[in-house]
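K.L.:
Structure, please.
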Amino acid sequence: MALLAPGSAVPSALVALTVFRASAWACLLCFTSYNERQQICQMFAGLESPDLGKCEEALTDAFKGLLDTEINYDERSHLHDAFTQMTHSLQEVAAARGSFRVAFPHAAEKMQKIILQLKEVQACIPPCGLQEVARRFRCRGCYSTVCNLPLDCPVQDLTVTRGHQAMFFCTVNFQLPKEEITYSWKFAGGGLRTQDLSYFRDIPRARGYLARIRPVQLTHRGTFSCVITHDQRPLARLYFFLNVTGPPPREETELQVSFREVLRWAPREGEMIEPWTPSLGELLARPEALTPGNQCLLAAAVALASASATVLAWMFFRWYCSGD
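P.N.:
Below is the predicted model:
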């Protein structure tokens with residue numbers, strides 16, 4: 001006898017609702033077909049026996065304890081195999097002229113023990129995310145479901161001083177699939193703290209789970225968003241609001257002041273802007289001039305000048321002596 005897959009057993013279960021008068025679907029109706037259940041009762045009671053209806057009622061009553069059963073979604077094939085073995089065992093009992101009133105409760109009790117040995121359903125971890133590892137299969141309705149959690153995670157606030165570094169970690173507290181995971185980043189500028197996707201623009205160069213900004217400027221104030229995707233299906237959207245505080249660095253302030261002074265200065269007619277050519281003394285007077293590299297260059301220049309002076313003095317001495 002060819003057995004139907006669990007998915008093909010579901011349409012047959014719709015017909016069985018009226019025949020078996022079950023109040024709702026149960027694991028028996030999810031993992032066995034109507035034809036399989038009918039054949040079992042025909043073997044126990046006979047094709048035209050008045051006890052055929054009683055057999056059908058006894059079968060559904062025996063498995064009502066599995067009505068609200070939930071199993072780990074990955075264990076569906078194991079449970080289907082167990083029900084297949086159960087139907088074969090019931091057929092053997094029927095062929096041996098056993099009683100269905102004894103065989104059905106015994107089979108249901110055995111299935112209950114098998115279900116308890118299956119891998120447990122993983123708990124949903126709040127506050128957000130499509131958590132495939134916590135997907136479960138419900139016998140009441142023969143369907144699967146995931147955690148009833150939003151895809152958008154709460155906004156995380158990060159305050160960074162201007163000129164420093166900001167880092168965002170696109171990680172979640174639930175297990176992700178091992179393959180085909182991608183990360184994409186977006187930014188909503190202008191100081192917005194939002195989760196409205198219409199305000200966000202893509203950041204093409206950001207691809208990993210870690211994003212870093214250095215140095216942080218006022219233009220970076222706003223909300224950064226990271227989307228975790230598996231096989232082009234979003235699993236979670238994380239949001240980071242970056243608040244930039246503090247004055248700009250001293251060097252930047254001095255540069256801005258100088259720039260504003262240049263903008264305010266207007267040359268008179270006939271005047272030209274000449275490039276500044278500082279003297280050696282002015283260069284040495286600057287505090288950043290005597291760096292290790294500059295000191296080496298200065299020492300080399302002094303040595304070269306000293307050697308040149310020595311050579312000139314020796315040549316003058318030779319010339320003077322040759323004249324005598």
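K.L.:
Pull the number of nearby residues for the closest residue to Pro215 other than its chain neighbours.
P.N.:
Of all residues not flanking Pro215 in the chain, Gly163 sits nearest, at 4.7 Å (C-beta to C-beta, 6 or more residues apart in numbering). Any C-beta I mention is one placed from the backbone N, CA and C, and that applies to glycine too. A count of nearby residues for Gly163, using other C-beta atoms under 10 Å, gives 17.
K.L.:
what does the model give Gly163 for pLDDT?
P.N.:
With respect to pLDDT, Gly163 has a value of 94.
K.L.:
what separates Asp196 from Gln122, distance-wise?
P.N.:
Noted for Asp196: a distance of 32 Å to Gln122, by C-beta to C-beta, to the nearest Å.
K.L.:
For the chain, which segments are assigned as strands?
P.N.:
70-72, 136-138, 143-145, 152-161, 166-169, 181-188, 201-202, 210-213, 222-230, 233-245 (DSSP state E).
K.L.:
And the first one, what does it pack against?
P.N.:
What that stands for is strand 70-72. Here strand 70-72 touches strand 136-138, going by 3 or more C-beta pairs under 8 Å, 6 or more residues apart in numbering; DSSP states H and E.
K.L.:
Give me the distance between the strand it packs on and the centre of its chain.
P.N.:
On the basis of C-alpha atoms, centre = their mean, to the nearest Å, strand 136-138 sits 23 Å off its chain's mean C-alpha point.
K.L.:
Tell me which strands that strand pairs with, and in which orientation.
P.N.:
Strand 136-138 has its sheet partners listed here by DSSP bridges as strand 70-72 (antiparallel), strand 143-145 (antiparallel).
K.L.:
For that strand, give me every contacting residue.
P.N.:
68-73, 75-76, 121, 143-146 (C-beta atoms under 8 Å, 6 or more residues apart in numbering).
K.L.:
Of Asp196 and Gln122, which one has the most company?
P.N.:
The neighbour count for Asp196 versus Gln122, taken as other C-beta under 10 Å, is higher for Gln122 (18 against 9).
K.L.:
Quick check: closest non-adjacent residue to that one.
P.N.:
Ala134 is the one closest to Gln122 (C-beta to C-beta, 6+ apart), at 4.5 Å.
K.L.:
list the contacts for the one you found?
P.N.:
If you count contacts by C-beta under 8 Å, 6+ apart, Ala134 has them with 121-125, 146-147, 174.
K.L.:
What ranges in the stretch 101-250 of the chain fall below the confidence cut-off?
P.N.:
Per-residue confidence for the stretch 101-250 of the chain (pLDDT under 70) gives these ranges: 248-250.
K.L.:
Now render the contacts of strand 136-138 as a markdown table, adding neighbour count and distance to Ala62.
P.N.:
Shown next, in a markdown table, are the contacts of strand 136-138 (neighbours: other C-beta atoms under 10 Å; distance: C-beta to C-beta, whole Å):
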| residue | neighbour count | distance to Ala62 |
| --- | --- | --- |
| Asp68 | 12 | 16 |
| Thr69 | 19 | 14 |
| Glu70 | 16 | 20 |
| Ile71 | 20 | 19 |
| Asn72 | 18 | 24 |
| Tyr73 | 19 | 26 |
| Glu75 | 18 | 22 |
| Arg76 | 17 | 22 |
| Val121 | 16 | 24 |
| Tyr143 | 12 | 23 |
| Ser144 | 13 | 25 |
| Thr145 | 13 | 26 |
| Val146 | 15 | 31 |
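K.L.:
any chance of those residues in CSV, with distance to Leu238 too?
P.N.:
CSV is the format used below for the contacts of strand 136-138 (distance: C-beta to C-beta, whole Å):
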residue, distance to Leu238
Asp68, 35
Thr69, 35
Glu70, 29
Ile71, 31
Asn72, 27
Tyr73, 25
Glu75, 31
Arg76, 31
Val121, 26
Tyr143, 29
Ser144, 26
Thr145, 24
Val146, 18
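K.L.:
which residue ranges form the helices in this protein?
P.N.:
6-20, 27-31, 34-45, 52-62, 76-95, 100-116, 250-264, 280-285, 292-323 (DSSP state H).
K.L.:
list the buried ones in the fourth one?
P.N.:
Read that as helix 52-62. 52, 55-56, 58-60, 62 (16 or more other C-beta atoms under 10 Å).
K.L.:
Which strands or helices does it pack on?
P.N.:
For helix 52-62, the packing partners by 3+ C-beta pairs under 8 Å, 6+ apart come out as helix 6-20, helix 34-45, helix 100-116.
K.L.:
which residue sits closest to Cys55, ignoring its sequence neighbours?
P.N.:
Cys41 (3.8 Å).
K.L.:
and the nearest residue to Val93 once chain neighbours are set aside, what does it touch?
P.N.:
Leaving aside its sequence neighbours, Val93 sits nearest to Ala103 (C-beta to C-beta, 6+ apart; 4.6 Å). Shown in contact with Ala103 (C-beta under 8 Å, 6+ apart): 44, 90, 93-94.
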